[in-house]
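A.B. asks: Let me see the structure of the following:
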Amino acid sequence: MTTRLSHIAVVLTLGLALAGCTSATDTPDAPSGSASTSADGVSAIVVQAGEQTLATGSARFSATMTTPGSAGTQVTMDGTVNFAKNEVEANLKSKGPGGNGRMRLISADEVLYIKTNQASKWMKTTAGQLGEIASPSEGLANLDSITGMKKVGSEKVAGVRATKYQGTLDLLTALGSASMSDENRQALEQQMQGATAKVTVWIDGDGRVLQFKHKGDIVTAEGLGVEYESTMRFYDFGVATNIKSPPASDVVDAGELADMVQK
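C.D. replies: Below you'll find the model as predicted:
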């Protein structure tokens, strides 16, 4: 997996994957007298679920992203998000042909901090750089980027009964509202041109995002198509958080996220 693709994996997991999480025990039923909820009605349910999730203030989350094949990579993440303050703290693990890696991640005060297991200091990206699009709050507020939503059934997710929805996400459209440098935007737009993901969303009985999954493909900087699958689950809604930026003495300004994580 290339360095840039590794960064996209993190971006998709934190940003796009978080953009659609939902779970459900019971969600609003179709209006009386109709055989099923219209596509617009289903979309409204999902969008409302994002708003309801944000209204909880915070949650814990776990996420996994994989790319199949001999060159496949797996990224797993566990952490806490404060929706109200748009803050994230997480531990990330990666496995792939280039070896295994661990890092900690903090997003606070519009800055993304990353610390690898080999590093003694945190490295950061500032406003407008690639890390800024790793925003669960922004993602949940933009669930209307998913099109063709339909209800496909119900099942349990981590023991919770959930209503299941599916639709399609245009990755370039989802990228559109993200804040980043012109250079990073141009590079990602080239890689995501025409790329779509099949989205599955689960909504719980309180109308909150419980789990979100998307599967699709992107193009690497070398022009190679790579499939990926990403799943994220929210739980412990309303959990107390204490996410803080690292002390300034422990931080190095890395400039660009692409300079932080090497092959």
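
A.B. asks: where exactly do the helices run in the stretch 51-200 of the chain?
C.D. replies: 136-140, 171-175, 182-192 (DSSP state H, counting those that start in this stretch).

A.B. asks: For the protein, which helix or strand comes out least confident on mean pLDDT?
C.D. replies: helix 3-11 (a mean of 38; mean pLDDT, DSSP states H and E).

A.B. asks: ok now do Gln166, which residues does it touch?
C.D. replies: Contacts for Gln166 were tallied using C-beta atoms under 8 Å, 6 or more residues apart in numbering; they are Met149, Lys150, Val152, Lys198, Val199, Thr200, Val201. (Each C-beta comes from the backbone N, C-alpha and C, glycine too.)

A.B. asks: which of these tops the neighbour count?
C.D. replies: Within those, neighbour counts (other C-beta atoms under 10 Å) peak at Val201, which reaches 30 neighbours.

A.B. asks: Look up which residues are beta-bridged to that one.
C.D. replies: With DSSP bridges as the criterion, Val201 is bridged to Phe212.

A.B. asks: what's the answer for Tyr228, then?
C.D. replies: Gly216.

A.B. asks: and the gap between it and Ala248?
C.D. replies: The gap separating Tyr228 from Ala248 is 36 Å, by C-beta to C-beta, to the nearest Å.

A.B. asks: Please identify the buried residues of stretch 232-250?
C.D. replies: By 16 or more other C-beta atoms under 10 Å, the buried positions in stretch 232-250 come out as Met232, Arg233, Phe234, Tyr235, Phe237, Thr241, Ile243, Ser245, Pro246.

A.B. asks: average pLDDT across that stretch?
C.D. replies: Average pLDDT, stretch 232-250: 93.

A.B. asks: From the opening residue of that stretch to its closing one, how far?
C.D. replies: 30 Å (C-alpha to C-alpha, to the nearest Å).

A.B. asks: Likewise for stretch 110-123?
C.D. replies: End to end - C-alpha to C-alpha - stretch 110-123 spans 14 Å.

A.B. asks: For that stretch, could you pull out the residues that count as buried?
C.D. replies: Val111, Leu112, Tyr113, Ile114, Lys115, Thr116, Trp122, Met123.

A.B. asks: I'd like those as a markdown table, with distance to Asn91 appended.
C.D. replies: What follows is the buried residues of stretch 110-123, written out as a markdown table (distance: C-beta to C-beta, whole Å):
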| residue | distance to Asn91 |
| --- | --- |
| Val111 | 18 |
| Leu112 | 15 |
| Tyr113 | 13 |
| Ile114 | 11 |
| Lys115 | 10 |
| Thr116 | 12 |
| Trp122 | 14 |
| Met123 | 16 |
